[in-house]
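Asks: need a 3D model of the following:
(chains A and B)
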Amino acid sequence: RKEVEQDPGPFNVPEGATVAFNCTYSNSASQSFFWYRQDCRKEPKLLMSVYSSGNEDGRFTAQLNRASQYISLLIRDSKLSDSATYLCVVKNSGGYQKVTFGTGTKLQVIP
Amino acid sequence: DAGVIQSPRHEVTEMGQEVTLRCKPISGHNSLFWYRQTMMRGLELLIYFNNNVPIDDSGMPEDRFSAKMPNASFSTLKIQPSEPRDSAVYFCASSLLVPGSILTGELFFGEGSRLTVL
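Replies: Take a look at the predicted model:
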């Protein structure tokens, strides 16, 4: 089983729609969680951290469910500019706190 | 700040040739990561340096791959000899990790080096 798993998509949604992505992780000792965004042919960039109590940043909401070992990202009122690949990132505990990326979920927002 | 700088941005080479990719991390960052990205496998961690010391190289595919970090401002990833299956985008990222902190510093990526081995 992969350490971090995501549905690759693509998710094709109309402008203004709400869309949610899930990500599961295998290591129950994982400590920190993040969502990165990667535009086509660009480098990944941090979108937001994911906190235990859940957190919101404008139209974006991130949730963590430790019992089920998954994190989610909700995007409300989708914009064309939200089209990108969203990477789930998990940081494990232990020696040097390894950072592992999921393979990403592709989102295409359609006019 | 100029961000993480990688070179070359694109490299096309023939099988068997040596390839050297270069990275200059953000000044003040103490951690450097080399990742490889392909459509099939996504972002794979190749090697991680902390304070210029290789900490985890378990992701390095085989002996053909080697990485060095001679000082805090420079790192290289070398492939010798290169093979067509090495074709990918290679990203370098740097971060400031605080010892004992459970919060990893944000990873800042360079623009990547797109390698094509014919």
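
Asks: give me the residues contacting the helix or strand containing B:Leu46.
Replies: Counting by DSSP states H and E, the element that carries B:Leu46 is strand B:42-50. Under the criterion Cβ atoms under 8 Å, 6 or more residues apart in numbering or on different chains, residues A:44, A:87, A:96, A:98-104, B:30-38, B:54-57, B:59-61, B:65, B:67, B:69, B:75, B:77, B:90-91, B:97 lie in contact with strand B:42-50. (Each C-beta comes from the backbone N, C-alpha and C, glycine too.)

Asks: can you select the buried ones from those residues in PyMOL?
Replies: Here the buried members of the contacts of strand B:42-50 are turned into a PyMOL selection, burial being counted by 16 or more other Cβ atoms under 10 Å in any protein chain shown:
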select buried, (chain A and resi 44+87+98+99+100+101+102+103+104) or (chain B and resi 30+31+32+33+34+35+36+37+56+59+60+65+67+69+75+77+90+91+97)
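
Asks: ok, A:Lys106 to A:Lys91 distance?
Replies: Taken as Cβ to Cβ, to the nearest Å, the spacing of A:Lys106 relative to A:Lys91 amounts to 23 Å.

Asks: residue in chain B nearest to chain A?
Replies: Per Cβ to the nearest Cβ, B:Gly42 is where chain B lies closest to chain A, at 3.2 Å.

Asks: pull out the buried positions in the host helix or strand of A:Asn22.
Replies: A:Asn22 belongs to strand A:19-25 when elements are defined using DSSP H and E. Under the neighbour-count criterion of 16+ other Cβ under 10 Å, strand A:19-25 has A:Val19, A:Phe21, A:Asn22, A:Cys23, A:Thr24, A:Tyr25 buried.

Asks: without its sequence neighbours, what residue ends up closest to the last one?
Replies: With Cβ to Cβ, 6 or more residues apart in numbering or on different chains as the measure, A:Val90 is the residue that lies nearest to A:Tyr25, at 4.7 Å, once sequence neighbours are left out.

Asks: burial count for that neighbour?
Replies: Other residues within reach of A:Val90 by the criterion other Cβ atoms under 10 Å in any protein chain shown amount to 24.

Asks: quick check: A:Glu15 vs chain B, distance?
Replies: The span separating A:Glu15 from chain B equals 27 Å under the rule Cβ to the nearest Cβ, to the nearest Å.

Asks: ok, that residue - contacts?
Replies: With contacts defined as Cβ under 8 Å, 6+ apart, the neighbours of A:Glu15 are A:Ser78, A:Lys79, A:Leu80, A:Val109, A:Ile110, A:Pro111.

Asks: what strands flank the strand holding B:Leu46, and is each parallel or antiparallel?
Replies: Strand B:42-50 pairs in its sheet with strand B:31-38 (antiparallel), strand B:53-56 (antiparallel), by DSSP bridges.

Asks: only C-alpha atoms, please: export the shortest one in PDB.
Replies: These are the backbone C-alpha positions of strand B:53-56, laid out as PDB (Å, rounded to 0.1, in the frame of the first residue of the first chain):
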ATOM      1  CA  VAL B  53      24.700  15.900   5.300                       C
ATOM      2  CA  PRO B  54      22.700  13.200   3.400                       C
ATOM      3  CA  ILE B  55      20.100  11.900   5.800                       C
ATOM      4  CA  ASP B  56      18.000   9.600   3.600                       C
END
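
Asks: continuing past that strand, what's the next helix or strand?
Replies: Once strand B:53-56 ends, the next helix or strand along the chain (criterion: DSSP H and E) is strand B:65-71.

Asks: lowest average pLDDT across the strands paired with strand B:42-50?
Replies: Out of these, strand B:53-56 stands lowest, with a mean of 91 (criterion: mean pLDDT).
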